[in-house]
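Chemist: Structure, please.
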Amino acid sequence: MTALSVAVFISGCLGLLGATANVSARIERFLVTRDQTERVGLTLQAAMSAPVNIVREGPQSFIDNPLRYDYEAAFNALRALEPQFAVGSSLEMATFIFFPMIFFIYGCSLAVADLRHGLLKQRFELENPRAVFIGKMTISVVLPSVSILLATAILSGLAMLIRAFVESGGPETFPYAVTYSPTASNPVMQVAFSALVAVFFCLIGLFVGAASRMLLVPSLACILVLMMVPFAGGGDPRNLMATIGRGVFNYWSGFNPNLPLPADSWLLWTPTVVMMSALGAGSFMVWLLRSKSVKVG
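Modeler: Predicted coordinates:
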């Protein structure tokens with residue numbers, strides 16, 4: 001539990017550090033854009049009264065109002081370190097990059113721990129196989145959720161300290177307030193979504209570890225897949241994560257995951273639901289078979 005919480009906390013710290021660095025980078029970019037546009041006669045007031053449109057042509061994007069775009073990006077980058085938004089800032093990058101790897105490895109290690117320590121036979125002699133299975137499933141749900149909740153609480157306090165030392169530029173730099181979507185700034189939803197992602201990958205790790213009886217090879221394979229393999233299609237569970245994430249996080253910290261692939265609602269949800277059901281049933285069968293192979297009569 002301690003090592004898991006430390007890993008989660010470090011992941012969140014990396015997100016906060018990224019958000020802190022993003023503030024100065026965004027403000028600097030805005031100031032450069034403002035100076036350039038003012039030289040051609042476009043004022044900030046005029047830019048803020050016009051909409052921002054992003055036109056995508058293939059892999060490239062074009063912004064028709066870069067001054068307002070850079071202003072809002074700088075304003076929101078600074079806002080990301082405020083207490084009510086710090087939860088999202090610390091979880092955005094961690095949820096999509098670090099938590100899947102951390103909790104897959106944890107679930108895999110949870111599955112092979114008894115076997116590696118030579119305790120699996122003793123556990124099956126003392127406990128019912130169903131009790132062993134339920135206990136590991138419970139740990140796979142509870143510990144990820146608790147570790148994320150505790151780490152997030154600490155990171156929120158840390159964000160307040162960081163915010164006190166970050167140069168804001170003053171009201172002359174940001175004379176206009178920028179509206180935001182309350183839905184994508186709800187810390188309860190953000191923590192819940194991150195916990196669901198963590199539990200999902202922990203259960204995958206639990207199943208893979210139980211089926212393979214290995215930790216290192218599946219963990220390395222998981223890291224390679226998550227870091228290098230693109231989405232397999234609209235039904236890829238990672239695509240569902242990206243789709244839901246667009247409505248949960250605001251990505252003011254500077255982290256911005258890949259755009260989700262378009263897919264019908266059934267195609268987004270069905271593969272993930274089927275996979276979760278298969279994981280539960282498959283894990284149960286693995287533990288029953290394992291108990292018969294190691295339990296002495």
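Chemist: In the helix or strand containing Leu196, which residues are buried?
Modeler: Here Leu196 sits within helix 187-212, counting by DSSP states H and E. Residues of helix 187-212 classed as buried: 187, 189-191, 193-211 (neighbour count, 16 or more other Cβ atoms under 10 Å). From N, CA and C alone the C-beta is placed, and that goes for glycine too.
Chemist: which strands and helices sit next to it?
Modeler: Where contact means 3 or more Cβ pairs under 8 Å, 6 or more residues apart in numbering; DSSP states H and E, helix 187-212 is packed against helix 86-93, helix 99-116, helix 129-165, helix 216-228, helix 237-248, helix 265-294.
Chemist: Export those to JSON lines and append columns for distance to Ala74.
Modeler: Output for these, formatted as JSON lines (distance: least, Cβ to Cβ, whole Å):
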{"stretch": "helix 86-93", "distance to Ala74": "15"}
{"stretch": "helix 99-116", "distance to Ala74": "28"}
{"stretch": "helix 129-165", "distance to Ala74": "15"}
{"stretch": "helix 216-228", "distance to Ala74": "30"}
{"stretch": "helix 237-248", "distance to Ala74": "21"}
{"stretch": "helix 265-294", "distance to Ala74": "33"}
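Chemist: Can you tell me the centre-most residue of this structure?
Modeler: For the chain, the residue nearest the mean C-alpha position is Thr95 (1.2 Å; Cα atoms, centre = their mean).
Chemist: Let me see the contact set for the spatially closest residue to it that is not a sequence neighbour.
Modeler: Residue nearest to Thr95 in three dimensions, not counting chain neighbours: Ser194, with 4.5 Å by Cβ to Cβ, 6 or more residues apart in numbering. By Cβ atoms under 8 Å, 6 or more residues apart in numbering, Ser194 lies in contact with 91, 94-95, 99, 148, 152.
Chemist: make it 10 Å
Modeler: 8, 12, 87-88, 90-92, 94-96, 99, 144-145, 148-149, 151-152, 245, 248-249 (Cβ atoms under 10 Å, 6 or more residues apart in numbering).
Chemist: Tell me the buried residues within those residues.
Modeler: Buried among the contacts of Ser194 (16+ other Cβ under 10 Å): 8, 12, 87-88, 90-92, 94-96, 99, 144-145, 148, 151-152, 245, 248-249.
Chemist: worst-scoring helix or strand of this structure, pLDDT-wise?
Modeler: Taking mean pLDDT, DSSP states H and E as the measure, the chain has helix 120-126 as its least confident helix or strand, at a mean of 62.
Chemist: could you dump stretch 222-238 to CSV, C-alpha only?
Modeler: Provided in CSV are the C-alpha atoms of stretch 222-238 (Å, rounded to 0.1, in the frame of the first residue of the first chain):
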residue,chain,number,x,y,z
CYS,A,222,1.9,-3.7,-21.0
ILE,A,223,4.2,-0.7,-21.0
LEU,A,224,5.2,-1.2,-24.6
VAL,A,225,1.5,-1.5,-25.7
LEU,A,226,0.4,1.6,-23.8
MET,A,227,3.3,3.7,-24.9
MET,A,228,3.7,2.6,-28.5
VAL,A,229,0.6,0.9,-29.9
PRO,A,230,-2.1,3.4,-31.3
PHE,A,231,-5.8,2.9,-30.7
ALA,A,232,-7.0,-0.3,-32.5
GLY,A,233,-10.3,1.4,-33.3
GLY,A,234,-13.4,3.0,-31.9
GLY,A,235,-13.9,0.0,-29.6
ASP,A,236,-10.5,0.1,-28.0
PRO,A,237,-11.0,0.6,-24.3
ARG,A,238,-8.4,3.4,-24.4
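Chemist: so how far is it off the chain centroid?
Modeler: 14 Å (Cα atoms, centre = their mean, to the nearest Å).
Chemist: try stretch 182-191
Modeler: The answer for stretch 182-191 is 13 Å, by Cα atoms, centre = their mean.
Chemist: Could you list the low-pLDDT ranges of this protein?
Modeler: 1, 58-59, 114-129, 167-171, 287-288, 290-297 (pLDDT under 70).
Chemist: picking that back up, next one: the residue nearest to Thr95 relative to Phe75, how far apart?
Modeler: 25 Å (Cβ to Cβ, to the nearest Å).
Chemist: How about Thr2?
Modeler: 39 Å.
Chemist: which one of these two has more residues nearby?
Modeler: Comparing Thr2 with Phe75 by other Cβ atoms under 10 Å, the one with more neighbours is Phe75, at 22 against 7.
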